[in-house]
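> Give me a model of this one.
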Amino acid sequence: MIDFRYHLVSIVAIFLALALGIILGSTTLSQQAVTKGLQRQTSALAKRNDEYRRTQLRLEAQVEGDENFARTMGPQLVAERLKGQSLVFVETPGASNDSIEQLSNLAKSAGAAVTGRVTIQKKFLDDNQVGTVDELAGQLKPGSMAFPPGAGAYEKAAAVLAGAVVTKDAAKTGREDGSAAAVLAGFRQAGYVTTSGKPGQHATLAVMIAPSSQYAYEGGDTDNKALLALAASLDGAGRGAVLGGPSTAAQEGGLVAALRDSDTDKAVSSQDTVDTASGQVVTVLALQNEMGGKAGRYGTGSGVNGYLPSPVPAAGGNG
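Next up is the predicted model:
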């Protein structure tokens with residue numbers, strides 16, 4: 001005899017089966033909907049990535065075209081702009097040698113004579129060298145030079161080194177006097193600099209090339225200040241100076257960024273695409289403006305006045 005309990009169990013079993021069927025059916029339908037949704041999203045993302053890729057290729061081709069134009073037309077664009085001037089390069093630790101070589105060739109096209117290069121060594125910036133740097137600056141200082149009251153070791157060294165490689169007096173260019181030779185020899189012997197060419201022949205203009213990366217270690221800010229002291233002295237002792245570097249140098253911690261955050265920015269121009277052909281043309285234009293007492297921030301970094309000087313200095317004008 002089938003009792004009530006049997007009926008109850010049967011009914012519960014039927015309902016459980018129905019519930020399980022509903023769950024399984026809805027899960028299958030849900031999974032299919034989710035799968036179709038993911039497929040649509042994947043297809044949309046793939047299409048968007050293709051669009052981005054095409055845009056990137058188009059922009060890369062445009063940039064390459066702009067660079068080819070600047071490389072080809074650069075010598076004509078800067079012709080005569082630095083006529084009668086001379087230029088010395090100062091290379092900081094970690095700077096790109098390629099930028100100096102390319103800028104050197106372009107400066108010659110602009111009519112400038114390139115005296116040579118002074119490469120600052122890492123030893124010069126070592127914290128444990130401050131006392132020696134101070135002492136050396138005092139020993140090598142020409143008798144006619146007086147340090148400002150309260151000048152630190154690197155301000156003194158910057159003044160002495162700048163006085164050996166740049167001048168405002170056109171009559172002093174093209175020849176190396178005994179004082180300049182002694183200064184450069186002293187810094188070389190101490191392991192603070194190396195030189196190439198004849199930087200002691202007193203150029204009228206200077207370009208300092210910033211490091212490609214920031215001095216991220218402890219004391220990096222101090223190193224930037226030491227190099228900015230040199231940039232300021234080069235500008236003050238000659239007819240003008242430009243600090244150039246790649247875009248990374250204009251980022252936080254970089255030397256170009258440090259210049260733009262300092263009072264030296266009022267006298268020394270900065271350029272943050274010096275590793276490009278167009279940026280090198282702009283550097284020559286900045287040097288031309290420097291001879292007229294105009295400093296500016298050029299490139300693509302934060303706070304620039306523009307990619308290039310505006311108005312562009314007149315061709316053939318050299319301040």
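
> how about the strands in this structure?
86-91, 113-120, 193-197, 205-209, 240-244, 269-271, 297-298 (DSSP state E).

> Turn those into TSV, including mean neighbour count.
No exception for glycine: its C-beta is placed from N, CA and C like everyone else's. Output for these, formatted as TSV (neighbours: other C-beta atoms under 10 Å):
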stretch	mean neighbour count
strand 86-91	26
strand 113-120	22
strand 193-197	16
strand 205-209	29
strand 240-244	31
strand 269-271	31
strand 297-298	23
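
> Can you add mean pLDDT and distance to residue 158 and give these back as CSV?
What follows is the strands of the chain, written out as CSV (pLDDT from 0 to 100; distance: least, C-beta to C-beta, whole Å):
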stretch, mean pLDDT, distance to residue 158
strand 86-91, 97, 10
strand 113-120, 97, 11
strand 193-197, 97, 12
strand 205-209, 98, 11
strand 240-244, 98, 11
strand 269-271, 98, 17
strand 297-298, 97, 21
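
> Tabulate those (JSON lines), appending distance to residue 166.
Compiled in JSON lines, the strands of the chain are given as follows (distance: least, C-beta to C-beta, whole Å):
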{"stretch": "strand 86-91", "distance to residue 166": "6"}
{"stretch": "strand 113-120", "distance to residue 166": "9"}
{"stretch": "strand 193-197", "distance to residue 166": "14"}
{"stretch": "strand 205-209", "distance to residue 166": "5"}
{"stretch": "strand 240-244", "distance to residue 166": "8"}
{"stretch": "strand 269-271", "distance to residue 166": "15"}
{"stretch": "strand 297-298", "distance to residue 166": "21"}
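
> out of those strands, which comes closest to residue 289?
Set against residue 289 and scored by C-beta to C-beta, these come closest in strand 269-271, at 6.9 Å.

> What strands line up against that closest one, and which way round?
According to DSSP bridges, strand 269-271 forms sheet pairs with strand 240-244 (parallel), strand 297-298 (parallel).

> how about TSV for those strands, with distance to residue 83 added?
Compiled in TSV, the strands paired with strand 269-271 are given as follows (distance: least, C-beta to C-beta, whole Å):
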stretch	distance to residue 83
strand 240-244	15
strand 297-298	22
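
> hey, where'd the helices end up in the stretch 1-150 of the chain?
Assigned by DSSP state H, counting those that start in this stretch, the helices in the stretch 1-150 of the chain fall at 4-78, 97-109, 122-125, 130-140.

> wait, which of the strands paired with strand 269-271 is closest to residue 149?
Of these, nearest to residue 149 by C-beta to C-beta is strand 240-244, at 23.7 Å.

> what's stretch 176-193 in contact with?
118-121, 123-124, 129, 132-133, 136, 139-140, 142, 157, 160-161, 163-165, 194-195, 198-202 (C-beta atoms under 8 Å, 6 or more residues apart in numbering).

> same check, this time on stretch 136-147
With C-beta under 8 Å, 6+ apart, stretch 136-147 has contacts from 153, 155-157, 159-160, 163, 179, 182-183, 186-187, 190, 192.

> at 6 Å instead, please
Stretch 136-147 is contacted by residues 156-157, 160, 179, 183, 186, 190 when judged by C-beta atoms under 6 Å, 6 or more residues apart in numbering.

> Where does pLDDT dip in the protein?
1-34, 38, 59-66, 69-70, 215-220, 316-319 (pLDDT under 70).

> Would you mind giving the domain segments of it?
The domain map for the chain lists 1-78, 79-298, with the assignment taken from automatic domain parsing.

> For residue 156, which non-adjacent residue is spatially closest?
Residue nearest to residue 156 in three dimensions, not counting chain neighbours: residue 137, with 3.8 Å by C-beta to C-beta, 6 or more residues apart in numbering.

> count of residues packed around the one you found?
Residue 137 has 25 neighbours, counted by other C-beta atoms under 10 Å.

> The one 5 residues further on now?
Look at residue 142: counted by other C-beta under 10 Å, it has 16 neighbours.

> Residue 283 against residue 272, yeah?
No. Between residue 283 and residue 272 there is no contact under C-beta atoms under 6 Å: 10.4 Å.

> residues in contact with residue 210?
Residue 210 neighbours (C-beta under 6 Å, 6+ apart): 92, 245, 249, 255-256.

> Just the closest of those to residue 265, please.
residue 256 (9.9 Å).

> burial of the residue lying closest to residue 276 once chain neighbours are set aside, as a residue count?
Once flanking residues are discounted, residue 276 sits nearest to residue 67: 6.2 Å by C-beta to C-beta, 6+ apart. Here the count is done by other C-beta under 10 Å, and residue 67 has 14 residues near it.
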